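1. Requesting a structural model of the entry that follows:
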Amino acid sequence: MNVATNDPPHHATHDSTTDDCPYPTMKLFFSPTSPYVRKCLAVAHELGVADRIDFLVANAHPVNRDASIVAANPLGKVPTLISDDGQALYDSRVICEYLDTTFGAARLIPAQGPARWQALTLQALADGMLDAALLVRYEQIARPEELRWPDWQNGQLDKIETSLTALERGELLPLPLDSGRVDIGTLALACALWYLDLRYESLAWRARFPAVARWYADFGQRPSLQTDWSTRKVG
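-> Numbering: from 1, shown residues only. The predicted structure follows:
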């Protein structure tokens, strides 16, 4: 889905190519509460290029669409990245692959073999959890109360429950969960769990999924996941 409402070692931003910043900068339509934006920035941080991304104001909404985003991305969603050569890239999976291919030499998205499919499948699971969480979020904040469908919301939340159950059983990450594995799958999962904490504290998922909770407590300490992107200048 890759859209959320507006509910790295070095953080300098650059308006253009300078002696201090010899590379052109990229621009990202930014929302501090979007888990998909967070995933892209975590990848950029891991690759050491977060300081090459300037943030653009974005007010993505499923009904009241942001014309400035639509001008770059007809879907009107965040994240949308404008590359240093002016190309608009979306959604988060494309942006992350662009960053990893351009700056990481397939460091976070393995180029081939079982590791590639494991990482991409885990990313798909994490993104699916987020899609479900965001659909419920929109149901709660954007749809008129008289049109809301509780059974539909419960069905979406159950996707999160069954996904966490699979993780707890070691079906996508071998038990004990390895906090030393850093790839697009584990970064996407950490961003999904971050969003659950942000919007669905009442789920209390840690009590039911202690192995996942232990993994996240360790893996979530990575600087790329601890950075407070909301403090960055948005222009």
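
2. where in the chain is pLDDT low?
-> Within the chain, the stretches with pLDDT under 70 are 1-24, 175.

3. all strands for it, in order.
-> For the chain, the strands defined by DSSP state E occupy 26-30, 53-57, 80-82, 88-89.

4. For residue 137, which of those is the nearest?
-> Nearest to residue 137, of all the strands of the chain, is strand 26-30, at 18.2 Å by C-beta to C-beta. Just so you know, the C-beta spots here come from the backbone N, C-alpha and C atoms, and that holds for glycine as well.

5. sorry, back to before: ranking the strands of the chain by burial, who's on top?
-> Most buried of the strands of the chain by mean neighbour count (mean count of other C-beta atoms under 10 Å) is strand 80-82; its value is a mean of 26.

6. Pull the distance from that one to the chain's centre.
-> 14 Å (C-alpha atoms, centre = their mean, to the nearest Å).

7. Now for the nearest residue to residue 88 once chain neighbours are set aside: which residues touch it?
-> Of all residues not flanking residue 88 in the chain, residue 72 sits nearest, at 4.5 Å (C-beta to C-beta, 6 or more residues apart in numbering). By C-beta atoms under 8 Å, 6 or more residues apart in numbering, the residues touching residue 72 are 29, 80, 82, 88.

8. and the strands of the chain as CSV, adding distance to residue 164?
-> Putting the strands of the chain into CSV (distance: least, C-beta to C-beta, whole Å) gives the following:
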stretch, distance to residue 164
strand 26-30, 28
strand 53-57, 31
strand 80-82, 29
strand 88-89, 30
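
9. so which of the ones you listed comes closest to residue 199?
-> strand 26-30 (18.1 Å).

10. send the alpha carbons of the closest one over as PDB?
-> Output in PDB follows, covering the C-alpha atoms of strand 26-30 (Å, rounded to 0.1, in the frame of the first residue of the first chain):
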ATOM      1  CA  MET A  26      17.700  12.900  -3.900                       C
ATOM      2  CA  LYS A  27      14.300  14.200  -2.700                       C
ATOM      3  CA  LEU A  28      11.700  12.200  -0.700                       C
ATOM      4  CA  PHE A  29       8.100  13.000  -0.100                       C
ATOM      5  CA  PHE A  30       8.100  12.500   3.600                       C
END
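
11. quick one: strands adjacent to it?
-> Paired strands of strand 26-30, with direction, are strand 53-57 (parallel), strand 80-82 (antiparallel) (DSSP bridges).

12. Run through the bridge partners of the nearest residue to residue 89 once chain neighbours are set aside.
-> The shortest distance from residue 89 to any non-neighbouring residue, by C-beta to C-beta, 6+ apart, is to residue 81 (4.6 Å). Under DSSP bridges, the beta-bridge partners of residue 81 are residue 28, residue 89.
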